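Asks: 3D model of this:
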Amino acid sequence: MQDPGRPLVAFLGPSLRADVARAIAPDVELLPPVCRGDLAAAVERLRPRAVLIVDGEFADALAVRHKEILHALHLGLRVLGASSVGALRAAELDRFGMEGVGEIYAHYRDGRLTSDAEVALMHLTAAEGYRPLSWPMVNVRATVSALAARDAIGAGAAAAVLAAAARLHFIERTRPALAHALAGDGCGEERAEALAALVEREHVDLKARDAAAAFERLARLDAAGNPDAPGPPGDVALRDAGFQALLDRAIDRRLVAQVAEDMGIEPSADELARQRARVLRRLGVGEDSAASWLLASGLDERRFEDLVVQLAQVQQLRRRLLDAGLLERNRRLVIEQLQLEGAYAPANGDREHRRAPRGPEAVHDAGNRSRLEAHQVTEALLAAVELGVAGALAAGPRTTEELASALGADARRLERLLASLAGLGLLAAEDGAWRLSAAGRRLATTSGAERSAASRP
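Replies: Below you'll find the predicted structure:
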């Protein structure tokens with residue numbers, strides 16, 4: 001149990017009035033909305049026994065980092081989140097010990113909300129009590145839901161209000177702006193004004209409600225304890241210097257999946273089955289032991305299938321991107337990635353980039369690469385990634401037969417694929433075996449990192 005002499009700290013802004021917060025938890029020390037570095041500084045300076053994150057800045061300042069929260073948890077502090085950026089961070093870090101409170105946290109946790117814009121609003125300065133000047137979208141949703149529950153608004157009107165409010169930028173989302181947007185959607189001025197006035201009159205301040213619940217939890221923290229909270233983070237990678245890189249890869253994967261979803265990409269049942277098989281194969285897990293692996297990994301079948309869908313969408317989007325470009329565009333994508341990672345070597349500086357063996361015993365001129373059509377480049381790269389060619393060669397050179405045995409592939413077809421990869425400068429011949437070139441080694445490292453991120457939700 002934490003020393004009761006150490007303070008309770010909360011980062012609070014427009015979500016709840018300070019006097020209301022202090023009435024609920026009189027001993028709490030209120031700090032302004034959290035920015036990057038503020039949590040680490042408060043932990044160092046105040047040595048609190050618990051921290052509540054409600055509000056945070058994100059437009060004019062950098063947001064609080066996940067690693068700051070993980071560090072506080074590692075030190076044994078209780079870290080709670082609710083209502084605003086606190087709810088968002090709690091949904092991202094609850095499995096590592098952060099405690100989420102309230103409906104908004106639950107919506108983020110369950111994926112019903114994903115954007116931080118849902119909780120954003122315009123407000124006055126600290127000297128003016130952070131008084132809100134606009135409506136956060138989560139409050140509009142809560143208001144419409146409450147009105148619909150008591151039949152105070154019809155389904156059509158509810159949908160119209162939500163659509164109009166969602167189109168408004170958070171700094172503009174007010175009654176007049178909502179009325180104007182509804183009128184522009186064809187509601188008619190009188191009807192639009194009436195609906196906007198109804199939302200204002202019956203406004204449900206979900207952010208304030210969740211923040212108040214969090215302060216109530218904070219006030220009874222020492223007495224109630226937290227029997228439901230998970231223990232300290234068990235993932236060592238999340239407590240070392242590599243966490244930010246891991247997070248970046250995970251966010252990149254999620255962003256690509258979101259774009260694919262927005263484009264309406266829907267994998268077929270066969271594609272999902274193939275993607276599931278690929279994931280399990282890369283993890284070295286057989287279908288007969290998948291249930292045990294899911295349990296050990298903290299996953300259930302439904303969540304795993306959701307991730308498989310996400311990865312299948314990403315795969316389709318990548319295929320579209322590659323198929324849509326010409327050969328030079330596809331090569332440019334790879335070259336630019338190597339340049340960004342500081343691993344690009346001009347062709348006249350690394351001869352192996354221009355070697356194009358069709359097999360270990362026969363090396364042809366780099367002109368073979370220029371004769372590969374764009375779709376051949378695409379299919380060769382995708383097939384290599386799906387089979388795990390780079391991973392199989394990471395430990396050292398192998399013959400075609402050895403690779404075929406390791407990958408469960410037909411040796412003759414694999415030979416043609418390896419020749420194509422050599423034509424792209426990713427493989428080279430060495431004493432009757434295939435090995436990764438300098439470019440291939442670099443791409444193997446990047447591909448492996450992506451697969452690692454994809455297997456750790």
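Asks: Okay, now the unreliable bits of the stretch 351-457 of the chain?
Replies: Counting by pLDDT under 70, the ranges of the stretch 351-457 of the chain that qualify are 351-379, 424, 439, 442-457.
Asks: Kindly report the same for the chain.
Replies: Counting by pLDDT under 70, the ranges of the chain that qualify are 1-4, 59-60, 222-244, 319-334, 336-337, 343-379, 424, 439, 442-457.
Asks: top helix in it by residue count?
Replies: Among the elements of type helix in the chain, defined by DSSP state H, the one spanning the most residues is helix 301-324.
Asks: Restricting the selection to alpha carbons, write that helix to CSV.
Replies: Extracted in CSV, the C-alpha atoms of helix 301-324 (Å, rounded to 0.1, in the frame of the first residue of the first chain):
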residue,chain,number,x,y,z
GLU,A,301,-10.6,-16.2,-30.6
ARG,A,302,-12.8,-13.2,-31.4
ARG,A,303,-10.0,-10.7,-30.8
PHE,A,304,-7.5,-12.9,-32.8
GLU,A,305,-10.0,-13.1,-35.7
ASP,A,306,-10.3,-9.3,-35.6
LEU,A,307,-6.6,-9.0,-35.9
VAL,A,308,-6.5,-11.4,-38.8
VAL,A,309,-9.1,-9.3,-40.6
GLN,A,310,-7.0,-6.2,-40.0
LEU,A,311,-3.9,-7.9,-41.4
ALA,A,312,-5.8,-9.2,-44.4
GLN,A,313,-7.0,-5.7,-45.1
VAL,A,314,-3.4,-4.4,-44.9
GLN,A,315,-2.3,-7.2,-47.3
GLN,A,316,-4.9,-6.2,-49.8
LEU,A,317,-4.1,-2.5,-49.6
ARG,A,318,-0.4,-3.3,-50.1
ARG,A,319,-1.2,-5.4,-53.1
ARG,A,320,-3.3,-2.6,-54.6
LEU,A,321,-0.5,-0.1,-54.0
LEU,A,322,2.1,-2.2,-55.7
ASP,A,323,-0.2,-3.3,-58.5
ALA,A,324,-1.2,0.2,-59.3
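Asks: just the helices in the stretch 201-350 of the chain please.
Replies: In order along the chain, the stretch 201-350 of the chain carries the following helices (DSSP state H, counting those that start in this stretch): 206-219, 221-224, 243-262, 269-283, 290-296, 301-324, 327-340.
Asks: And the longest one, what does it pack against?
Replies: With contacts defined as 3 or more CB pairs under 8 Å, 6 or more residues apart in numbering; DSSP states H and E, helix 301-324 has these neighbours: helix 243-262, helix 269-283, helix 290-296, helix 374-387. C-beta: built from backbone N, CA, C; applies to glycine.
Asks: got the angle between the first one and helix 301-324?
Replies: If you take axes from the mean of the first three to the mean of the last three CA atoms, to 10 degrees, helix 243-262 sits at 80 degrees to helix 301-324.
Asks: Show me what helix 243-262 is packed up against.
Replies: In terms of contacts (3+ CB pairs under 8 Å, 6+ apart), helix 243-262 is packed against helix 66-74, helix 301-324, helix 438-454.
Asks: OK, contacts around A219?
Replies: Contacts of A219 were listed using CB atoms under 8 Å, 6 or more residues apart in numbering, and they are 24-28.
Asks: Strands - which of the residues you listed land there?
Replies: Under the assignment DSSP state E, the contacts of A219 contribute V28 to strands.
Asks: Put the buried members of the contacts of A219 into a PyMOL selection.
Replies: Buried residues within the contacts of A219, by 16 or more other CB atoms under 10 Å, are selected in PyMOL with:
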select buried, resi 24+25+28
